[in-house]
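Visitor: What follows is a predicted structure for the sequence shown.
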Amino acid sequence: MPPPADIVKVAIEWPGAFPKLMEIDQVSNADSTNFYITEKCITMPLFLSLFFFTESMDMKLDALKDLANSSRDITFAQEFINLDVTVCSSGCFSFYLSVTITVFGDLLSFTLTAFVELMDHGIVSWDTFSVAFIKKIASYVCKSSMDTAVLQRSLAILESMVLNSQDLYQKVAQEITIGQLIPHLQGTDQDIQTYTIAVINALFLKAPEEKRQEMAHILAQKQLRSIILSNVIRSNKPINDEMAHQLYVLQVLTFNLLEDRMMTKMDPQDQAQRDIIFELRRIAFDVECESNNSGSFEKRKSMYTRDYKKLGFINHVNPAVDFTQIPPGMLALDNMLYFARHHQDAYIRIVLENSSREDKHECPFGRSSIELTKMLCEILKVGELPSENCHDFHPMFFTHDRSFEEFFCICIQLLNKTWKEMRATSEDFNKVMQVVKEQITRALTIKPNSLDQFKSRLQNLSYTEILKLRQSERMNQEDFQSRPILELREKIQPEIMELIKQQRLNRLCEGTCFRKISSRRRQDKFWYCRLSPNHKVLHYGDLEESPQGEVPHDSLQDKLPVADIKAVVTGKDCPHMKEKGALKQNKELLELAFSVLYESDEYLNFIAPDKHEYCVWTDGLNALLGKEMTSEFTRSDMDTLLNMEMKLRLLDLENIQIPEVPPPIPKEPSNYDFVYDCN
């Protein structure tokens with residue numbers, strides 16, 4: 001009688017033991033627990049047998065390698081976590097965790113790798129882990145010498161624990177100190193440095209508000225900033241995207257410590273706060289605060305009012321009222337005091353210079369400082385959570401312990417300089433602030449390596465230079481508003497739209513590598529998707545690493561006929577955005593998410609690597625479905641191509657010959673010792 005079709009016989013043989021023949025029922029019942037073994041997870045019984053029933057360390061190591069590789073597959077992970085076997089009383093996964101804290105060497109490395117992959121699927125809650133397990137993982141991080149792979153995975157596990165559970169944050173914070181993490185930043189392995197900063201960021205992010213200032217003080221004591229500057233930012237190795245992201249997160253979290261002062265109003269009755277204003281007056285005018293008995297009340301009041309007017313406050317009688325606006329609140333007063341104490345000469349010069357001008361041309365230091373502080377908070381997004389995929393860190397903010405205050409000191413001097421260049425009056429205050437904002441943002445785009453470089457860049461962005469840049473940009477964005485031109489644009493627009501559509505479809509045919517988003521921030525899992533040349537099928541599949549070029553169709557194992565696609569949804573409407581916890585629900589991640597829905601409840605989920613790829617794919621998919629392409633990049637491309645086409649046609653009307661091919665690039669001269677004769 002032939003065996004049932006569901007029975008699979010598997011022979012297992014290892015050195016020093018008798019071969020064993022196992023019969024695996026693909027649909028079976030064990031201990032009243034139903035489980036299903038698919039082709040993808042058929043290796044599970046092999047792993048269990050090889051790991052739990054053999055004495056050979058080599059066989060155990062091979063089994064763990066297979067487990068680490070197979071755990072990337074969600075079907076395998078679900079079965080492995082849910083499967084109960086006779087060798088353990090509390091389930092395969094629970095027994096596996098007990099093994100995790102007892103193995104060593106390469107066994108430990110692959111065990112932790114498998115654990116990270118299994119947890120990455122979000123099947124098991126992080127809250128289920130014992131204190132003993134946390135202590136063991138933490139001990140791997142605290143040891144002075146530890147295998148790089150073990151250390152890397154241990155740091156990744158701790159980061160995920162902290163980010164995914166407030167309870168685990170408390171436990172991890174008790175086991176790990178900043179002092180134990182610092183040495184990992186002083187090595188040369190950028191991956192270890194990245195994971196270390198990620199753990200610090202996670203602890204910073206999840207710490208209660210009242211503990212963040214305390215943690216910042218500890219980081220300052222341990223000289224974290226200077227260590228990162230020396231060993232990471234100024235190292236010989238280029239900074240990769242993941243490290244750039246972690247530095248950006250640390251930058252944001254550090255600046256967010258200013259939020260409390262930014263949102264604190266000044267109490268006009270608080271004598272300590274009023275003393276700060278007295279200190280500003282004393283430094284500026286080199287006067288001592290008069291005692292209550294010196295002169296009449298009216299005389300002293302008149303003297304204070306005169307000086308507060310020279311200092312540029314809006315309320316000359318009671319300048320404390322100026323700091324009741326939030327933002328920037330007390331943060332503006334903090335900046336002013338820092339400037340007065342640490343850059344005293346520049347402070348006195350600005351105050352006295354403006355107090356001697358005519359009233360209508362004076363640059364009010366007090367009002368300017370308040371508005372500038374508010375502007376800088378907006379530019380640096382103080383109080384906002386870090387974005388998921390942003391890498392926009394500024395090296396210069398890692399060069400000084402009081403970088404925000406120094407940033408303010410440079411910018412307040414810039415504001416005074418620009419005010420003079422514009423010959424501004426009090427009515428021009430908002431115009432000056434707009435120019436100053438443009439100067440600052442343009443200078444930041446080059447990512448200066450130091451505050452001095454930032455200051456030098458601002459010197460080259462005078463008001464005259466800003467006007468030239470604005471004029472040049474307006475000329476490049478010339479707009480044709482005459483009626484014949486508008487009619488011609490409307491006529492050729494469908495042709496341009498078809499051109500954009502073909503470009504989008506061609507890009508889909510080339511394909512894109514997407515990252516898999518999981519419960520942990522750091523991960524290296526990729527998948528690739530591309531459209532077939534005949535535009536009939538989407539080919540996709542998992543990759544071991546990010547590809548260097550296009551991935552061939554035949555290497556992508558999965559297919560989705562375009563005819564089966566029902567809809568394309570974006571943002572919060574995507575299934576994977578609904579499933580993710582609050583940790584992932586930030587604006588940037590939502591802006592890059594889209595899903596392809598097919599059949600009744602099936603979907604293909606995407607997180608685009610950047611906004612451009614997001615627009616390319618959503619445009620292309622909508623074009624495949626015969627829908628309108630509405631992304632901002634389509635509008636931008638449409639404007640660019642239309643303007644170019646219009647200019648070419650206008651040149652043609654002037655009988656100017658337009659060559660079919662671009663002219664050759666001229667050769668570089670052998671020397672640059674030449675002079676242009678203006679005559």
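Guide: Now that the structure is in, tell me what you want to look at.
Visitor: what's the least confident helix or strand in this structure, going by average pLDDT?
Guide: Using mean pLDDT, DSSP states H and E, strand 33-36 stands out as the lowest-scoring helix or strand of the chain, at a mean of 38.
Visitor: Where does pLDDT dip in this structure?
Guide: Scanning the chain for pLDDT under 70 picks out the ranges 1-56, 83-105, 287-295, 358-359, 474-482, 517-524, 578-587, 654, 668-679.
Visitor: Repeat the analysis, applying 50 as the threshold.
Guide: The model of the chain has pLDDT under 50 over residues 26-43, 45-46, 84-92, 95, 291-293, 522, 581-585.
Visitor: how does it divide into domains?
Guide: The chain breaks down into these domains under the TED database: 279-287+296-383+394-473, 495-636.
Visitor: As TSV, those domains with distance to L108 and mean neighbour count would be great.
Guide: From N, CA and C alone the C-beta is placed, and that goes for glycine too. Listed next are these as TSV, based on distance: least, C-beta to C-beta, whole Å; neighbours: other C-beta atoms under 10 Å:
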stretch	distance to L108	mean neighbour count
domain 279-287+296-383+394-473	34	17
domain 495-636	19	16
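Visitor: Tell me which of the ones you listed lies nearest to E175.
Guide: domain 495-636 (18.5 Å; C-beta to C-beta).
Visitor: The closest one: end-to-end distance?
Guide: With C-alpha to C-alpha, to the nearest Å applied, domain 495-636 spans 16 Å between its terminal residues.
Visitor: what do you get for stretch 265-279?
Guide: 19 Å.
Visitor: go on, stretch 647-664?
Guide: First residue to last in stretch 647-664 (C-alpha to C-alpha) measures 22 Å.
Visitor: contact partners of it?
Guide: Under the contact criterion C-beta atoms under 8 Å, 6 or more residues apart in numbering, stretch 647-664 has outside partners L488.
Visitor: Find out how far the helix or strand harbouring R274 is from the centre of the chain, if you would.
Guide: Assessed by DSSP states H and E, R274 sits inside helix 271-285. Relative to the chain's own centre, helix 271-285 is displaced by 40 Å; criterion: C-alpha atoms, centre = their mean, to the nearest Å.
Visitor: who does that helix touch, helix- and strand-wise?
Guide: helix 297-310, helix 330-342, helix 344-355 (3 or more C-beta pairs under 8 Å, 6 or more residues apart in numbering; DSSP states H and E).
Visitor: Can I get these in CSV including distance to E117?
Guide: Output for the helices and strands packed on helix 271-285, formatted as CSV (distance: least, C-beta to C-beta, whole Å):
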stretch, distance to E117
helix 297-310, 65
helix 330-342, 45
helix 344-355, 56
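Visitor: Between those, which one is closest to E388.
Guide: helix 330-342 (27.1 Å).
Visitor: quick check: angle from that closest one to helix 271-285?
Guide: On the basis of axes from the mean of the first three to the mean of the last three C-alpha atoms, to 10 degrees, helix 330-342 is oriented at 40 degrees to helix 271-285.
Visitor: contacting residues around helix 330-342?
Guide: With contacts defined as C-beta under 8 Å, 6+ apart, helix 330-342 is touched by 258, 261-262, 264-266, 273, 276-277, 279-280, 283-284, 323, 346-347, 365-366, 369-370, 373-374, 377, 402, 404-405, 408-409, 412.
Visitor: hmm, back to that, so which of the helices and strands packed on helix 271-285 gets nearest D639?
Guide: helix 330-342 (40.2 Å).
Visitor: How far off centre is the closest one?
Guide: The chain centre lies 30 Å from the centre of helix 330-342; the measure is C-alpha atoms, centre = their mean.
Visitor: try stretch 540-556
Guide: Relative to the centre of its chain, stretch 540-556 is centred 26 Å away, using C-alpha atoms, centre = their mean.
Visitor: Tell me which residues are up against it.
Guide: 72, 510-511, 513, 524-530, 532, 539, 557-560, 604.
Visitor: could you redo the last one with a cut-off of 6 Å?
Guide: Contacts to stretch 540-556, defined as C-beta atoms under 6 Å, 6 or more residues apart in numbering, come from residues 510-511, 513, 526-529, 539, 557-558.
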